[in-house]
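Q: have a look; sequence and predicted model below, questions after that.
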Amino acid sequence: MSIVSVIAGALVAGGAAISCLNFYLSFVRYALHFWRGRSPSEFRRKSGFPLVGSLGVVIGLAVMRLWASLPAMPLPALALGIAALDTGGVHWFIMSQGWGWFERKRRPNWPD
């Protein structure tokens, strides 16, 4: 196993962990707050690490593909699936902008 594969694997693992943290901070933590019976005014939002998680996964997989041996198919598919959950990623930003554009077209009084 070369040093490049170890670094690429660390990028993928670290990026996947940060992607899971961002998903937890965006959705799971919010649901757990209300499940415990607390009021919405008590909830304080915490920020994750935008761009870091999904970018780490994609760069790590690209390095594995180009310079190291890419492992069997389930690992890259699982890693990309986890990166898709990263709410701080570019893909979520693009989706949110598209949703806002769609809502402004559908309802002219939609706040900007």
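A: Everything's here; your move.

Q: buried residues of stretch 24-34, list them for me.
A: Under the neighbour-count criterion of 16 or more other CB atoms under 10 Å, stretch 24-34 has 24-26 buried. Placement of C-beta: from N, CA and C, glycine included.

Q: tell me which helix or strand comes right after the lowest-mean-pLDDT helix or strand in the chain.
A: Lowest on mean pLDDT, DSSP states H and E among the helices and strands of the chain sits helix 74-84, with a mean of 84. Once helix 74-84 ends, the next helix or strand along the chain (criterion: DSSP states H and E) is helix 90-106.

Q: could the buried residues of stretch 24-34 go into CSV alongside secondary structure and distance to Glu42?
A: Output for the buried residues of stretch 24-34, formatted as CSV (DSSP: H, G, I helix; E, B strand; the rest coil; distance: CB to CB, whole Å):
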residue, secondary structure, distance to Glu42
Tyr24, helix, 18
Leu25, helix, 16
Ser26, helix, 18
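
Q: tell me the one of the residues you listed nearest Ala79?
A: Closest approach between the buried residues of stretch 24-34 and Ala79, by CB to CB: Tyr24, at 17.3 Å.

Q: and for Arg106, the neighbour number?
A: 8 (other CB atoms under 10 Å).

Q: report pLDDT for it.
A: pLDDT for Arg106: 86.

Q: and the one 5 residues further on, by the same measure?
A: The pLDDT attached to Pro111 in the predicted structure is 69.

Q: His33 now?
A: Confidence score, pLDDT, at His33: 87.

Q: what about it, which helix or strand?
A: Under the criterion of DSSP H and E, His33 resides in helix 29-35.

Q: quick check: mean pLDDT across stretch 47-62?
A: So the average pLDDT for stretch 47-62 ends up being 88.

Q: buried set for the longest helix anywhere in the chain?
A: Using DSSP state H to define each element, the chain has its longest helix at helix 3-23. Judged by neighbour count using 16+ other CB under 10 Å, the buried positions of helix 3-23 are 5, 8-9, 11-12, 15-16, 18-23.

Q: noted, bye for now.
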